[in-house]
Every structure is written in C-alpha cells, then in structure tokens.
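>>> below is the sequence, then the predicted model.
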Amino acid sequence: MIVALGLLMAASCRSAGGGTGVVKGTMVPGTASATTAPATTTAPPPPEPAAGGAPGPAPSTNPGVVVTPSGVVVPVVGQAAGGWTVRTPCGNERSLTAGTQVHQATVVLDPGHGGDERGAISPSGLAEADVNLAVARRARTDLEGQGISVMLTRTEDYRVELTPRAMIAKALAPRAFVSIHHNADPDGPWPRPGTETYYQQSSPDSKRLAGLIWEEVVQALGRYKVAWVADTDAGAKTRPGDHGDYYAMLREPAPVVSALAELAFVSNQPEADLLGRADVQAVEGDAVARAIVRYLRTSDPGSGFTTAYPRPPNPPPTGPEAPAPVCTDPAL
C-alpha cells in the first residue's frame, strides 16, 4: 500500500502490489554483542569561554537526541542557552532546557504513522498506527532484555513527520534502523502470510537485515490459520525511486543501515482480527527482535529475496491514508 506521511512519494509504506513465500528462520545464537546502554546527559549549562576569552570547544558533531520530560524523542540540531535546539515531530525548531540527551543507540525502531495519520484501517476500524507502536514496543523490550540499546522514533500516539524520523536515526548512528508498518491493498488470496520487507538498493547489510526480518515474521505468523492475502511479489525486495530508494525511511536515514517492514495486511479483516490481539502483536515484536539480533550477532544472509514488479511513480494519496493538512506537535 501507499501510506501517506507527508508527500506520498516520501511515504514510508508501499504502493499496491506485493508478495510471496515462506522460509524457515530460527534464531541463531551468536557471540556477545558489544552494545551498551545509551549514553545520556541532562541539560547542559551555557558554554563558557576558554582561558584568555577565547570561545570554548565546539559542540559535538553528533549530539544525538533529547528525550523530553513528556517522553517525546527529538533530534538535537544545536545548542541553546542552558539547553538544546531541537527538531520537533512536525519539523519545527524549538529550544529546550529540560530533558535527557541520548548520544547513541544500537537500534532505532520506527513505528509508522501516529496521531491524525492513522495509516491503513481495517474494515472493523483497527488503525495501523496503533499496531505499529505495540509491535515496536514489544521488540524494544526483547532487545533491551539482551543488552541492546534501543530508541523509538515515536513513543506514544502522536504524529511524526518523515524527516524528523530520519534525523533521529542519523543523530544516534545505530547499527540498524527498522521502520515498522502493516499493509493494505493486496493483490489477492495467498497460502501464507504476505509479509513484505524493503531494503536500501546500495546496501548489502540492509538487504541482509530485510531478509532476516522477512524470515522471522513469516515463520512466526505462519502458525496462524487464517485467510491470508498478499501481493504477488511479496518477500524482501527493493523499490527504486526518482532520487534513489523510493521510500523515505530507506532514503533519508542513509548511510544508516535501514529496512522497512510491512508485517501483515491490516486491511484484510481476518488478519486484522489477529493483529488486534495483544498476543499476536507480541509474536510480531518477538519476530522483529529475533531478526535484529541475528543481524547484529550472526552472519546469517536472510532469505525471501524477490524482485518488485513495476509500480506507477508517485500516485496520489486516497481514502483514509491521505495526509492530514496540518501537523500539530505534541507537548514536549
């Protein structure tokens, strides 16, 4: 599907067309990861001049993000008196004097949509945005339980534009960035889950990450017997655009290794009945986490690789996925 988060060409979901296949993918234990808890600081004092009146040291070239008192994650773009200048979820610049600065995370998870951008909607009214966040939270819990530091681009139900999401990824320089979505507009019935993952055209690491996510999610969801749907090119694939990768959540975070995952079709009511269940959301989150652990700690190549069939360039948004006209920032 094409889900609008701003301009549709930049949408971090997919257009109609889609998928195949299942392969057995089990988690392979590996060596201990050299990951640590995020480095954090509280609001800094104003810079002081060095001896002789010369300016103090320049701010870090990689200042990270600030987690605000309300839990919103915002990328730092500069220093302000007693705090930071940050980019808000709607893309505005604002000064903050309170919050916790995080300089690095090994993994960044990006729950797609949020706020007035609900994403795909099931016939019964289940919103993709809510499922995306639940799955991302579960994956974060799993990863942190293995000593892997994780940051979410969206921590609650509020809208985040595409560029601030990518800025969070770049500011934290993770080893993996995964944008989590659920799909719509399938080609038709399919004998197994129609999971699709997308990878960066120029990155073999991104391809491997996408293949591992596809393996784990298809195996995990395949235990359920429902009327699955899919696109006929489902699998792990890439989609070119006019300026590199078609999807903003692959193009804009580069050179950070990124993958975009459409885990299941929320627009298909039998699948939506599953996706609305907390236990199934946990199954999806566990699968995403297992794939990321395999990416970080093994050399497993992933599988399910396929070639996407041609899609029309930049089709206009329609229906409930059309972008809202105004973005309102959450309370920071």
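Looks like it came in fine.
>>> now the helices for the chain?
Per DSSP state H, the chain carries helices over the ranges 128-145, 162-172, 204-221, 248-251, 269-275, 278-297.
>>> how about TSV for the ones you listed, with mean neighbour count and mean pLDDT added?
Quick note: C-beta positions are derived from backbone N, CA and C, even for glycine. Below are the helices of the chain laid out as TSV (neighbours: other CB atoms under 10 Å; pLDDT from 0 to 100):
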stretch	mean neighbour count	mean pLDDT
helix 128-145	23	98
helix 162-172	24	97
helix 204-221	26	98
helix 248-251	25	97
helix 269-275	20	98
helix 278-297	22	98
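>>> which one of those helices lies nearest to residue 303?
helix 204-221 (5.3 Å; CB to CB).
>>> so which elements touch the closest one?
For helix 204-221, the elements it packs on are strand 176-183, strand 196-199, strand 236-237, strand 258-265, helix 278-297, judged by 3 or more CB pairs under 8 Å, 6 or more residues apart in numbering; DSSP states H and E.
>>> per-residue confidence at the closest residue to residue 132 other than its chain neighbours?
Leaving aside its chain neighbours, residue 132 sits nearest to residue 111 (4.2 Å; criterion: CB to CB, 6 or more residues apart in numbering). We note a pLDDT of 98 for residue 111 in this prediction.
>>> relative to residue 232, how far out is residue 111?
28 Å (CB to CB, to the nearest Å).
>>> re the thing from before, any idea which of the helices and strands packed on helix 204-221 gets closest to residue 82?
strand 176-183 (30.9 Å).
>>> the closest one pairs with which strands?
strand 107-111 (parallel), strand 258-265 (parallel) (DSSP bridges).
>>> list the contacts for the residue positioned nearest the centre of the chain?
Nearest to the geometric centre of the chain sits residue 179, at 1.9 Å (CA atoms, centre = their mean). If a contact means CB atoms under 8 Å, 6 or more residues apart in numbering, then residue 179 has 12, 110, 112, 165, 247, 249, 258, 259, 260, 261 as its contacts.
>>> ok so, going back, just say which of the strands paired with strand 176-183 is most tucked in.
Highest mean neighbour count of these: strand 258-265, a mean of 30 (counted as mean count of other CB atoms under 10 Å).
>>> alpha carbons of it, in PDB - could you do that?
C-alpha atoms of strand 258-265 as PDB (Å, rounded to 0.1, in the frame of the first residue of the first chain):
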ATOM      1  CA  SER A 258      17.700   0.700   7.200                       C
ATOM      2  CA  ALA A 259      14.900  -1.700   6.500                       C
ATOM      3  CA  LEU A 260      11.100  -1.100   6.100                       C
ATOM      4  CA  ALA A 261       8.800  -3.900   7.100                       C
ATOM      5  CA  GLU A 262       5.100  -4.400   6.100                       C
ATOM      6  CA  LEU A 263       4.400  -7.200   8.500                       C
ATOM      7  CA  ALA A 264       0.800  -8.200   7.600                       C
ATOM      8  CA  PHE A 265      -2.300  -6.800   5.900                       C
END
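>>> show me the shaky parts of the chain.
Counting by pLDDT under 70, the chain shows low-confidence ranges at 1-62, 313-325.
>>> hang on, the earlier thing: okay if I get the strands paired with strand 176-183 as JSON lines plus distance to residue 197?
Formatted as JSON lines, the strands paired with strand 176-183 follow (distance: least, CB to CB, whole Å):
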{"stretch": "strand 107-111", "distance to residue 197": "13"}
{"stretch": "strand 258-265", "distance to residue 197": "5"}
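>>> wait, what's in contact with the nearest residue in space to residue 172 that is not next to it in sequence?
Leaving aside its sequence neighbours, residue 172 sits nearest to residue 105 (CB to CB, 6+ apart; 4.6 Å). Counting by CB under 8 Å, 6+ apart, residue 105 touches 38, 149, 150, 151, 172, 174.
>>> now with 6 Å?
Each residue near residue 105 by CB atoms under 6 Å, 6 or more residues apart in numbering is listed here: 38, 149, 151, 172, 174.
>>> circling back: which one of the strands paired with strand 176-183 lies closest to residue 228?
Comparing the strands paired with strand 176-183 by CB to CB, strand 258-265 comes nearest, at 7.9 Å.
>>> which one of the helices of the chain lies nearest to residue 310?
helix 248-251 (17.9 Å).
>>> and that closest one, C-alpha only, in CSV?
Only the C-alpha atoms of helix 248-251 are listed here, as CSV (Å, rounded to 0.1, in the frame of the first residue of the first chain):
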residue,chain,number,x,y,z
ALA,A,248,11.8,8.0,2.6
MET,A,249,12.6,5.7,5.6
LEU,A,250,15.2,4.0,3.4
ARG,A,251,16.5,7.0,1.5
